[in-house]
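Asks: Predicted model follows, preceded by the sequence.
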Amino acid sequence: MSALYDGLIAPFAEFGFMQRALGGAILLSLSACPVGVFLMLRRMSLTGDAMAHAILPGAAIGFLFYGLAIVPMTLGGLVAGVVVALGAGFVSRLTVQKEDASMAAFYLISLALGVLIVSLRGSNVDLMHVLFGTVLALNDEALTLIGIITGTTLVTLAIFWRALVAECLDPLFLRSVSRLGPPVHFVFLGLVVLNLVGGFQALGTLLAVGLMMLPAAAARFWTSRVMPMVLLAIVIGLVSCVGGLLMSYHASLASGPSIILVAGAIYILSTLAGPRGILGSRIRPQRHRTA
Amino acid sequence: MTERAGAEASALSAELCMSNCITFRDLTLGYNSHPAVHHLDGTVRAGSLTAVVGANGSGKSTLMKGITGILKPISGECMVSPGTRLAYLPQQSEIDRTFPARVSDLVSLGLWPRRGLLGRHLAEDREAVANALSAVGLQNFEKRPIDSLSGGQLQRTLFARVLVQDADLILLDEPFNAIDARTITDLIALIGRWHDERRTVMVVVHDMDLVRDHFPEALLLAREPVAWGEARQTLSAENLLRARRFHEAWNENAGWCASDDILAPQGPALGAGGSSRSRDAA
Ligand SMILES: Nc1ncnc2c1ncn2[C@@H]1O[C@H](COP(=O)(O)OP(=O)(O)O)[C@@H](O)[C@H]1O
Ligand SMILES: [Mg+2]
């Protein structure tokens, strides 16, 4: 019993930094995982990845002027993300270029710029901070910021839920009954940027997208309705965060990658064992019904 | 004085709205400056049931997109009388069939005009969805995932969604594709019911016999309108022959069309409510 307590509860009960990390991770799971589900359903999973890279130069410029300070880096990342999202959106709407290709072009430019800017001033350690985050060093400022992002995301999702579903399921229909289609797309991209920026305090620009996409992709194997999928993704996100933090505490591993690896393990388990996964769709029923 | 004139004017416009659901005024629709619907004039009366016929590429789907407003005119106007609720069943839907939704979710999209983004779906709405599904012969399909439907079942599901939309103007683009004969009979009956309810319905159909038997009016398109009016007259052998002479491919180097040299379409049955000629006369 006390082994269980020592293993699972004590790290969080006894250390303030673990409590903060847990709080941040819970908030992030609540908001990033639902966004990830919609990204996946819109077949934009790689867009999340691209956007994560796109945030870098903005954060880097904040870093260049203010060092490792949260507010300027966040604002910078937000601006860069929105610029890239809008840029790619407009290029694909005004030209023959598909959105994924223009997104790839924009984020590659953005990434190169970001690494260049960080290397202008910082050491490699700083670059590592920006790329891989510091969930164990979340301060009050960072937690407040993540909290605001979570609140904004959940309220926005609740308001636009029906339009988001309609836009994924039958975009032409949505266009025939409402003008909301294009605005909803951009609102949604805004949420993606917001959550990546929120995640990069904790997990860094490169891993923030992991907490967004892996729980969503895993949840897909278990259910065929949107709402349960969203809830399941949140649960998987929470389990990954707690598991990852404990793993990093006990084995002295880097916290961000630990969280993402736990999510990755759940994903692989789901591909195998989920009812809509590999085994579930391969096992042939021995009996069939009359109708 | 002015008040009375205003009242009269609004009564007049109300009258117009009552009689004309759609007005085309020298409407040209197309892609990359090539016309797909060329200089269309005329009106679709409120409460009319019109079949839109023509060869592949004659501009039927383009006209539908023009009416819904998805495609903006190159020139001219397409006016749908204000306040008209529109339901559109496209020829090629952009439905993502892998999306995790059930049949009832897809049909419930039709509640949008009534409930919008935020309005709660009430018990009566769920009932409307169930009724619509049984009207297209899909009772007890509510919980089926949409990726498990056959092509014809999906088409009927979309019909059910149109039912739920409860629209004044209903546009159906080749709704009978991949549908078995028995279901076509059911769906035709449904269209007849809409007609009885004084809804305006336009349907793109390829089966001429179906048009002759079930549609009061028809519009024969060959990029230009060839004939438009009473269905059997419109589909006369002579008109069909003239429609067949139309060249499907557009000419990359075709000259620019000056609106004066319109080849005014001819035929006894032209224009349900007006034609380019009658407009010229006016
Ligand atoms: N999205 C598009 N871009 C360019 N040309 C198009 C497009 N859609 C249709 N067309 C062309 O417009 C013409 C009319 O097409 P359409 O209205 O779909 O014909 P149909 O009567 O068979 O429904 C055709 O020549 C077609 O090639
Ligand atoms: Mg067509």
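Replies: Happy to help now that I have it. Residues are numbered from 1 along each chain as shown, chains lettered A, B, ... in the order given. Ligands and ions are numbered 1, 2, ... in the order given.
Asks: Averaged pLDDT, the helix or strand containing residue A:78. What do you get?
Replies: Secondary structure from DSSP states H and E places residue A:78 in helix A:70-94. Average pLDDT, helix A:70-94: 82.
Asks: and it, anywhere near chain B?
Replies: No - on the criterion C-beta under 8 Å from any C-beta of the partner chain, helix A:70-94 is out of touch with chain B, staying 14.4 Å away. Every C-beta, even on glycine, is put in place using the N, C-alpha and C of the backbone.
Asks: Could I get the buried residue list for the helix or strand following that helix?
Replies: Using DSSP H and E, the helix or strand that follows helix A:70-94 towards the C-terminus is helix A:99-121. Neighbour counts over helix A:99-121 (16 or more other C-beta atoms under 10 Å in any protein chain shown) mark A:99, A:102-107, A:110-111, A:113-115, A:117-118 as buried.
Asks: got the angle for helix A:99-121 vs helix A:70-94?
Replies: 150 degrees (axes from the mean of the first three to the mean of the last three C-alpha atoms, to 10 degrees).
Asks: Touching helix A:99-121 from outside, list them.
Replies: For helix A:99-121, the surrounding residues in contact (C-beta atoms under 8 Å, 6 or more residues apart in numbering or on different chains) are A:46-47, A:50-51, A:53-61, A:63-64, A:80, A:84, A:87-89, A:91-92, A:95, A:126-127, A:130.
Asks: out of those, which are buried?
Replies: In these, the ones that pass as buried (16+ other C-beta under 10 Å) are A:47, A:50-51, A:53-61, A:63-64, A:80, A:84, A:87-89, A:91-92, A:126-127, A:130.
Asks: show me where the stretch 101-250 of chain A has helices.
Replies: A:124-132, A:140-169, A:171-177, A:181-219, A:226-251 (DSSP state H, counting those that start in this stretch).
Asks: to the chain's geometric centre, what's the distance from the fourth one?
Replies: In terms of C-alpha atoms, centre = their mean, to the nearest Å, the gap separating the centre of helix A:181-219 from the centre of its chain is 4 Å.
Asks: That one and chain B in contact?
Replies: No - Helix A:181-219 is not in contact with chain B by C-beta under 8 Å from any C-beta; minimum separation 9.3 Å.
Asks: What angle do helix A:99-121 and that helix make with each other?
Replies: Angle, helix A:181-219 to helix A:99-121, by the same axes, to 10 degrees: 80 degrees.
Asks: From the centroid of the chain, which residue is nearest?
Replies: No chain specified, so I'll use chain A. With distances taken as C-alpha atoms, centre = their mean, the residue of chain A nearest its centroid is residue A:212 (2.6 Å).
Asks: Oops, wrong one, chain B.
Replies: residue B:171 (2.8 Å).
Asks: hang on, that residue is in a helix, isn't it?
Replies: No - using DSSP: H, G, I helix; E, B strand; the rest coil, the assignment for residue B:171 is strand, not a helix.
Asks: Quick check: bridge partners of it?
Replies: residue B:88, residue B:202 (DSSP bridges).
Asks: By mean pLDDT, flag the weakest helix or strand of the chain.
Replies: Going with chain A. helix A:124-132 (a mean of 69; mean pLDDT, DSSP states H and E).
Asks: hmm, I had chain B in mind actually
Replies: For chain B, judged by mean pLDDT, DSSP H and E, that is helix B:276-281, with a mean of 37.
Asks: right, and the residue nearest to the centre of chain A touches residue A:47 too?
Replies: No - Residue A:212 is beyond contact range of residue A:47, at 10.7 Å (criterion: C-beta atoms under 8 Å).
Asks: any common contacting residues for these two?
Replies: Contacts common to residue A:212 and residue A:47, judged by C-beta under 8 Å, 6+ apart, are A:39, A:192.
Asks: how about the residues of chain A near ligand 2?
Replies: Within chain A, no position is adjacent to ligand 2 by C-beta under 5 Å from the ion.
Asks: where in chain A is pLDDT low?
Replies: Along chain A, segments meeting pLDDT under 70 span A:1, A:122-127, A:130-131, A:135-136, A:284-285.
Asks: For residue B:41, give me phi and psi.
Replies: phi -120, psi 150 (degrees, to the nearest 10).
Asks: before we move on, what about the one 5 residues further on?
Replies: As for residue B:46, its main-chain torsions (degrees, to the nearest 10) stand at phi -60, psi 140.
Asks: so it touches residue B:81, yeah?
Replies: Yes - if you go by C-beta under 8 Å, residue B:46 and residue B:81 touch, sitting 7.4 Å apart.
Asks: What is the neighbour count of the residue in chain A that ligand 1 sits nearest to?
Replies: Taking C-beta to the nearest ligand atom, ligand 1 has its nearest neighbour within chain A at residue A:96, 11.7 Å off. Neighbourhood size, residue A:96 [other C-beta atoms under 10 Å in any protein chain shown]: 7.
Asks: Can you read off the backbone torsions of it?
Replies: According to degrees, to the nearest 10, residue A:96 has phi -80, psi -20.
Asks: got a list of what it touches?
Replies: Residue A:96 neighbours (C-beta under 8 Å, 6+ apart): none.
Asks: what's the answer for residue A:31, then?
Replies: A:149-150, A:153-154, A:195, A:198.
Asks: next one: residue A:278
Replies: A:271-272.
Asks: For the stretch 1-150 of chain A, which residue gets nearest to ligand 2?
Replies: residue A:96 (22.7 Å; C-beta to the ion).
Asks: Same check on the stretch 1-150 of chain B?
Replies: Counting by C-beta to the ion, the stretch 1-150 of chain B gets nearest ligand 2 through residue B:61, at 3.2 Å.
Asks: Quick one: name whatever helix or strand follows the one helix or strand that residue maps to.
Replies: Element membership of residue B:61, judged by DSSP H and E, is helix B:60-68. Using DSSP H and E, the helix or strand that follows helix B:60-68 in sequence is strand B:75-80.
Asks: which other residues reach that next one?
Replies: Under C-beta under 8 Å, 6+ apart, the answer for strand B:75-80 is B:21-29, B:39-40, B:66-67, B:69, B:86, B:169, B:259.
Asks: What about those, which are in helices?
Replies: Among the contacts of strand B:75-80, the members falling in helices (DSSP state H) are B:66-67.
Asks: Mind giving me the PyMOL command for buried ones among the contacts of strand B:75-80?
Replies: Remark: buried members of the contacts of strand B:75-80, expressed as a PyMOL selection using 16+ other C-beta under 10 Å:
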select buried, chain B and resi 21+22+23+24+25+26+27+28+29+39+40+66+67+86+169
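Asks: Give the helix, strand or coil label for residue A:63.
Replies: From three-state DSSP, the assignment for residue A:63 is helix.
Asks: What of the one 5 residues further on?
Replies: For residue A:68, the secondary-structure state derived from three-state DSSP is coil.
Asks: coming back round to it: so which bits of the helix holding residue A:78 are buried?
Replies: Neighbour-count burial for helix A:70-94 flags A:70, A:72-74, A:76-85, A:87-89, A:91-92 (criterion: 16+ other C-beta under 10 Å).
Asks: That helix packs against which elements?
Replies: helix A:45-54, helix A:56-66, helix A:99-121, helix A:140-169, helix A:181-219 (3 or more C-beta pairs under 8 Å, 6 or more residues apart in numbering or on different chains; DSSP states H and E).
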